[in-house]
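Chemist: give me coordinates for this.
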Amino acid sequence: MQATGTIVALSTPPGRSGIGVIRLSGADSLPLTRLLVRDEQFSPEPNRATLKTLHDPESGEILDRSLVTFFKTPHSFTGEDVTELSCHGSPTLLLHVIDILLRHGARAADPGEFTLRALSNGRLNLSQAEAVRDLIDARTYAAVRQAARQLGGEMSARLQPIKSSLLEIIVPLESSLEFVEDDLPEDVTRDVANKLSLLAHRLEDLAGTFRAGRLLKEGLKVALVGRPNAGKSSIFNALLSSDRAIVTDVPGTTRDTLNEVLNISGVPVLLTDTAGVRVSADKLEQLGIERTRRAITDADVVVVILDGSQPPTTEDREVLAHAREGRYLIALNKSDLPAFSPDRFQEVLDGARPVTVSALSGAGLDTLRAAIMEPFASYESFEASFVVTNARHFDLLRRAADSVRSSEALLIEQASEEIVLVGLYDALRYLGEITGETTPEDVLTQIFSTFCIGK
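Modeler: Purely as a prediction, here's the structure:
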């Protein structure tokens, strides 16, 4: 994890844009910048942007007029000298400037290396570093808020009292190993066991927020399924408020799955429009129907679209049979038509309560959105509270809670303090892995490989 050399990368997304920011970090950040501005005496005031002309060092050719911002160690994102060049956003120009810097001694940054250097230099702990990635990847404002809270150190703040309490229990147990030959008094044992039980509860409660956090971060997979011309694509477009899917009166128009992300109550919902299920000799349509079956299997919620203006068909029954293998709900479409009649579906509904909708008029769409989120209604308040969104954190919290529970049980069984301490030290190590104090090198490599280059 030792930082070596001065690194460079484009910190803005690739492609044409108003500006593109090139970031340098390391001891040679300022000398390399002086090379570009052709001024060996250039000493910019830290944290203030300066407009400078960039040159090609070999030819002297003017490349661009750029805003140069210098951040002096240790008061920078990485804790090292950092220079940011805000150039015009031509991909050709930006790559040329980076090539010049690489030729003169800079090294191309690895994914997440700027943030890794911030971790190495104590500017961030590991949970905050992971929050940087989560903030960039956030797809809803609720996810932004959670990532911002973690970036602000809330995870560390919640774990620190638990770690302190564990140490308060470990110290007397260690002392009893050194200085006390007899077993701990019964009242002391009971008091320590109670404290361990409370700590395990706190860890379990924090880990228990992960289901809501996973929804917030990864989103909910919702598949719209039904026979051809039931109105799946129309409802798909209506929920998105855009003509994303092609809609015609010809059965079998949708031959493949279409995916779009929809924001419902702060949760990103991956909405999938599928090919209509029916018997078909068309090989292309058969492939689409096979993908529909896979989408049903993968979805968190399956919305079965039925044409409420026509009697139920064999295809309707087949779709319902597949959907009932998981979590599903039923939407009776075309409520705007005179022939619409929910009563004719009582037999195939098998007691399920359908949502009545009209893709044409928009009636019932809000009810459909609420029905999709109903199984997760208990998480509606999670946006206002801190939740665990990282699977790695969840796993370590669960392990820490299990270790504390194990030590509690051993203590009650009057096992030796030495054995009881094993689980408590394990718990401390697991909590340290969340914030980075005890995280193995290979785990750090794996975590930062998921970051974008330039961050």
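Chemist: for the one helix or strand residue 129 maps to, what is the average pLDDT?
Modeler: Residue 129 is part of helix 126-137, with elements assigned from DSSP states H and E. Mean per-residue pLDDT for helix 126-137: 90.
Chemist: one more: stretch 389-408?
Modeler: In the prediction, stretch 389-408 has an average pLDDT of 95.
Chemist: can you tell me what sits against it?
Modeler: 127, 130, 134, 143, 146-147, 150, 155, 166, 193, 196-197, 199-200, 203-204, 206-207, 210, 213-214, 216-217, 388, 420-424, 426-427, 430-431, 433-434, 447 (Cβ atoms under 8 Å, 6 or more residues apart in numbering). Placement of C-beta: from N, CA and C, glycine included.
Chemist: and if you look at stretch 331-348?
Modeler: So stretch 331-348 is contacted by 230-231, 234-235, 303-312, 316-317, 320, 354-361, 363-364, 368 (Cβ under 8 Å, 6+ apart).
Chemist: go again with 7 Å.
Modeler: 230-231, 235, 303, 305-309, 311-312, 316-317, 320, 354-361, 363-364, 368 (Cβ atoms under 7 Å, 6 or more residues apart in numbering).
Chemist: hmm, back to that, for the helix holding residue 129, packing partners?
Modeler: Other helices and strands packing on helix 126-137, by 3 or more Cβ pairs under 7 Å, 6 or more residues apart in numbering; DSSP states H and E, are helix 113-120, helix 141-151, helix 417-435.
Chemist: hey, least reliable of those by pLDDT?
Modeler: Among the helices and strands packed on helix 126-137, helix 141-151 carries the lowest mean pLDDT (a mean of 88).
Chemist: mind putting the helices and strands packed on helix 126-137 in a markdown table, mean neighbour count and distance to residue 91 included?
Modeler: What follows is these, written out as a markdown table (neighbours: other Cβ atoms under 10 Å; distance: least, Cβ to Cβ, whole Å):
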| stretch | mean neighbour count | distance to residue 91 |
| --- | --- | --- |
| helix 113-120 | 23 | 21 |
| helix 141-151 | 19 | 28 |
| helix 417-435 | 20 | 38 |
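Chemist: dump those into TSV; add distance to residue 34 as well.
Modeler: TSV is the format used below for the helices and strands packed on helix 126-137 (distance: least, Cβ to Cβ, whole Å):
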stretch	distance to residue 34
helix 113-120	21
helix 141-151	33
helix 417-435	38
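Chemist: which SSE is the nearest residue to residue 96 once chain neighbours are set aside in?
Modeler: The shortest distance from residue 96 to any non-neighbouring residue, by Cβ to Cβ, 6 or more residues apart in numbering, is to residue 63 (6.9 Å). Here residue 63 sits within strand 62-71, counting by DSSP H and E.
Chemist: quickly run through the sheet partners of that strand, with directions.
Modeler: strand 49-55 (antiparallel), strand 82-89 (antiparallel) (DSSP bridges).
Chemist: list of residues touching the first one?
Modeler: Pointing back at strand 49-55 there. Contacts of strand 49-55 (Cβ under 7 Å, 6+ apart): 36-38, 44, 61-69, 97.
Chemist: 6 Å - rerun?
Modeler: 36-38, 44, 62-69 (Cβ atoms under 6 Å, 6 or more residues apart in numbering).
Chemist: show me which pair in those residues is furthest apart.
Modeler: 62 and 69 (20.2 Å; Cβ to Cβ).
Chemist: ok, the residue lying closest to residue 113 once chain neighbours are set aside - how many residues close by?
Modeler: Of all residues not flanking residue 113 in the chain, residue 7 sits nearest, at 5.7 Å (Cβ to Cβ, 6+ apart). Residue 7 has 25 neighbouring residues, counting by other Cβ atoms under 10 Å.
Chemist: now for the strand or helix carrying residue 30, which elements pack on it?
Modeler: Using DSSP H and E, residue 30 sits in helix 29-37. Contact analysis of helix 29-37 by 3 or more Cβ pairs under 6 Å, 6 or more residues apart in numbering; DSSP states H and E lists strand 82-89 as its packing neighbours.
Chemist: export the helix or strand residue 444 falls within to CSV, keeping only CA atoms.
Modeler: Per DSSP H and E: residue 444 is located in helix 441-448. Output in CSV follows, covering the C-alpha atoms of helix 441-448 (Å, rounded to 0.1, in the frame of the first residue of the first chain):
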residue,chain,number,x,y,z
GLU,A,441,-3.7,-6.0,1.8
ASP,A,442,-5.4,-8.3,-0.7
VAL,A,443,-8.8,-7.1,0.5
LEU,A,444,-7.7,-3.5,0.0
THR,A,445,-6.5,-4.3,-3.5
GLN,A,446,-9.9,-5.9,-4.3
ILE,A,447,-11.9,-3.0,-2.9
PHE,A,448,-10.0,-0.3,-4.8
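Chemist: and it, what's buried?
Modeler: Residues of helix 441-448 classed as buried by neighbour count (16 or more other Cβ atoms under 10 Å): 444, 447-448.
Chemist: from residue 95, how far off is the residue nearest to residue 96?
Modeler: 12 Å (Cβ to Cβ, to the nearest Å).
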